[in-house]
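[1] coords please:
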Amino acid sequence: MLVHLLRRLGQSVLVLLAVSFVSFMVFRHIGDPTISLLGEDATVAEREALTEELGFNRPVPLQYLGYVGKVLQGDLGISYRLKRPVADIIAERLPATLELALTAALFALVIGVALGVYTAIRREGFLSRCIMSVSLVGVSLPTFLIGIGLIYLFAVELRWLPSFGRGETVKIGGWETGLLTASGWSALILPAITLGFYNMTLIMRLVRAEMLEVLRADYMRFGRARGLRERDLYFGHALRNTWIPVITIAGLQLGSLIAFAIVTETVFQWPGVGLLFISSIQGVDVPLIAAYLMFIALLYVAINLLVDFLYAIVDPRLRTR
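    So this is what the prediction gives:
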C-alpha cells in the first residue's frame, strides 16, 4: 500500500508540473504585464526596466524555472488589477470558499447517504417514490436556476434568509469566519444547499443503487437465515460494502464543489475565490487566473491522495493486495 501511495504521489507531482506549465503559458500569452502594472502612459524606458525586473527578457526555460521556484516559495506574483500580492488576496478569500464548500459537502454526504439508505430499504414506499422524483430535480436543473429559485422562495417571498453576502464575520487569527455569528449561518444556508443539492442527489442515488445490489447478495440471505437483526444487516453489512464507490464520488465531488463554486458565488455574491476568479477574467488579471488554476490542481491532487488512503482504511483487502 505504501508503494502504491508513493507511486500516486509521483503522479501527482507530474500533474502539478503540467498545470504549472499551463499557468506559465497563460502568463506569457495573455496581455502585456507592463501595461497592466504601469498603465498605458508609461514610457518605453519604464517598461523596459520593469521587463528586466520581472525577468521577461530571459530565455523561456529560465523563465519557467524561475516561475516554478517562486510558486514553491509561495510567491504567486502581483495582481495587475489590485496591485497586491496574489497569495495575500487568495488567503483573504479562501476561508469563505472553504466554509461554503465544506458545508455543502457535509450536507450532500449526510443527507444523501441517509436518503439513499432509506429509499433502498423502503423502495416500494410512497415517501421513497416522492424522494426519488424530487431527486430528478437536482440532477436535471442547473445550479444557478436552483439558486435563483431558493432566493425567490426564501428571500423574496418568505423573507427568512438573506439573498446575498456572507453576513457578519469574526476574525480568528488569519481566518475570517462567519460560522460564529447568527447572520453568518443564515447567509450560508441558501448557498450551501444550492451548491450541494446536485451532489446530494448523486450520492443518494448511488447509495441506493449500491444498497439494492448488496441486499440481493447471497451473504445477506445467509445473514437473515442466521437470525441477524435487520438493523445489523442494513448498517453493519450492506451500508459498509457501499463505501468504496461513495468515497470515490464524494472525494471527487468535494474538489468540484470548490472548483465550480464559481456559479453559486456569483448568484449569491459570496466573497470567495470563485467570485474573485470571475472578476479576474473580466479584468484580464493573469496572475490571479494562473494562481486559481494552480490552487484547483493542488486541491484535486490532495483529495485524490486522501481518497486512495481512505480506500485502505475502509476495505482491508486493499491493504493485503
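
[2] pLDDT of the helix or strand harbouring A291, averaged?
    Here A291 sits within helix 286-314, counting by DSSP states H and E. Averaging pLDDT along helix 286-314 yields 78.

[3] cool, stretch 9-28 as well?
    For stretch 9-28, mean pLDDT rounds to 76.

[4] for stretch 93-112, same thing?
    Mean per-residue pLDDT for stretch 93-112: 89.

[5] name the residues of it that are buried.
    By neighbour count with 16 or more other CB atoms under 10 Å, stretch 93-112 contains the buried residues 93-101, 103-105, 107-109, 111-112. Just so you know, the C-beta spots here come from the backbone N, C-alpha and C atoms, and that holds for glycine as well.

[6] what are the phi and psi values at I78?
    phi -110, psi 130 (degrees, to the nearest 10).

[7] related to what we said a few turns ago, if we go by neighbour counts, what in the helix holding A291 is buried?
    For helix 286-314, burial by neighbour count (16+ other CB under 10 Å) applies to 286-297, 299-301, 303-305, 307-308, 310-312.

[8] ditto for stretch 139-151
    T143, I146, G147, L150, I151.

[9] correct me, but G251 touches L305?
    No. The pair G251 / L305 is not scored as a contact, 9.7 Å apart, by CB atoms under 8 Å.

[10] now E213: how far from V207?
    Noted for E213: a distance of 11 Å to V207, by CB to CB, to the nearest Å.

[11] ok, these two, which is more surrounded?
    With neighbours defined as other CB atoms under 10 Å, E213 and V207 compare such that V207 has more, 26 against 13.

[12] other SSEs contacting the helix or strand containing F24?
    When elements are assigned from DSSP H and E, F24 belongs to helix 2-29. Helices and strands touching helix 2-29, by 3 or more CB pairs under 8 Å, 6 or more residues apart in numbering; DSSP states H and E, are helix 60-72, helix 286-314.

[13] as CSV, those helices with distance to N199 would be great.
    Putting the helices and strands packed on helix 2-29 into CSV (distance: least, CB to CB, whole Å) gives the following:
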stretch, distance to N199
helix 60-72, 30
helix 286-314, 14
